[in-house]
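Participant: Build me a model:
(one chain, ligands or ions: 1)
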Amino acid sequence: MEIIRSIKQMQQLMKQFRSEGNTIGYVPTMGFLHEGHLTLVNEARKNNDKVVMSIFVNPLQFGPNEDFDLYPRDFARDEQLANKAGVDVIFYPDVKEMYPKELSVTVKVKDRVNVLCGKSRKGHFDGVATVLMKLFNIVTPDRAYFGMKDAQQVAVVDGLIHDYNFPIELVPVPTVREADGLAKSSRNVYLSNKERNEAPELYKSLQKAVQKLNANERDLGKIKNGIQAHIEEKTSGIVDYVEIYSYPQLLPLMEPKGKMIIAIAVKFSKARLIDNITIEI
Ligand code: AMP
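Facilitator: Below is the predicted model:
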């Protein structure tokens, strides 16, 4: 496995891969790897000759009061895990390499961002789209793998790839969970023991909502209230949002119809957790 920190070297290696006829599968991450990330790598290995992972905690996608400095990092551990999972190249640039000076052209995401996390994290998806614009141009992948854990991100990347004609196939991968249902996340390490025990209730509240929809409940307001009440009763977390939208358009729905996402965000003392389920009615 190669570890590359320079954009120039990365571009040279990707050019070499291509000239040798290899396809490239790409897994962008912020590191502190867990089974969620490694599942994306496994998927990438299935359909590509080479697998590239980037590890970059992107300052542009963190707000001024968010956890950029506190975001967990452990490159030595990531390196071992990535190597074992069969990653061929880790692209591990520092902030100066990616942003040597202020950008003269910025990316602003217009659709699919005024709801869910985009609403409470202003500018977050502009930061995501900006860094991906650069990373896609550097890595030149055939396929890019993203987790449905961050379903709004998948929706935004879908727009970016289509609008800017990246010749990249977006591959969404289902959320990987702990045995008790909690979605795996690098931020889970910031839960206290008590919060960690409560956290599986997030997924349970979503499953309950799906059961209601399957039992023909048509009132989306009632379903959202049910989720909120469940979380408030069973956890010490504070509900940031409970929403149901069409997916991937993320438009409001008057009633259950077509492909939908039920998404929640809950603030615990040191970590804000998100989770979602997509279903088709
Ligand atoms: P992050 O390092 O948090 O930016 O995540 C990198 C990629 O891994 C993103 O595409 C995430 O959606 C994906 N990912 C994170 N957690 C999970 C999970 N529990 N299951 C599936 N994919 C995940």
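Participant: Look through the protein and state the residue closest to the ligand.
Facilitator: Nearest residue of the chain to the ligand: G147, at 2.1 Å (Cβ to the nearest ligand atom). Glycine gets a C-beta too; all of them are placed from N, C-alpha and C.
Participant: What values do phi and psi take at that residue?
Facilitator: With angles defined as degrees, to the nearest 10, G147 sits at phi -90, psi 140.
Participant: residues contacting it?
Facilitator: Contact analysis of G147 by Cβ atoms under 8 Å, 6 or more residues apart in numbering lists 36-37, 39-40, 154, 172-173, 175-176.
Participant: and those as TSV, adding distance to the ligand, secondary structure and neighbour count?
Facilitator: Output for the contacts of G147, formatted as TSV (distance: Cβ to the nearest ligand atom, whole Å; DSSP: H, G, I helix; E, B strand; the rest coil; neighbours: other Cβ atoms under 10 Å):
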residue	distance to the ligand	secondary structure	neighbour count
G36	3	helix	21
H37	5	helix	27
T39	6	helix	19
L40	5	helix	27
V154	7	helix	21
P172	9	strand	19
V173	5	strand	20
T175	4	coil	19
V176	4	coil	18
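Participant: which among these gets closest to T140?
Facilitator: For the contacts of G147, the residue nearest T140 by Cβ to Cβ is L40; the value is 18.2 Å.
Participant: Let's verify K222: helix, strand, or coil?
Facilitator: Classification of K222 using DSSP: H, G, I helix; E, B strand; the rest coil returns helix.
Participant: can you count the residues close to it?
Facilitator: Applying other Cβ atoms under 10 Å, we find 11 residues neighbouring K222.
Participant: if I read this right, R187 contacts I274, doesn't it?
Facilitator: No. Taking contacts as Cβ atoms under 8 Å, R187 lies outside contact range of I274: 9.3 Å.
Participant: Get me the contact residues on the stretch 101-250 of the chain for the ligand.
Facilitator: The stretch 101-250 of the chain comes close to the ligand at residues 146-147, 149-150, 173, 175-176, 183-186, as judged by Cβ under 6 Å from any ligand atom.
Participant: rerun at 5 Å
Facilitator: 146-147, 149-150, 175-176, 183-184 (Cβ under 5 Å from any ligand atom).
Participant: Test my guess that G123 contacts P64.
Facilitator: No. Checked against Cβ under 8 Å, the pair G123 and P64 is beyond contact range at 9.6 Å.
Participant: of those two, who's got more company?
Facilitator: The residue with more neighbours, out of G123 and P64, is G123; 17 against 6, by other Cβ under 10 Å.
Participant: and the nearest residue to that one once chain neighbours are set aside, which of the three is it?
Facilitator: Nearest residue to G123, sequence neighbours excluded (Cβ to Cβ, 6 or more residues apart in numbering): G63, at 6.6 Å. Per three-state DSSP, the local secondary structure of G63 is coil.
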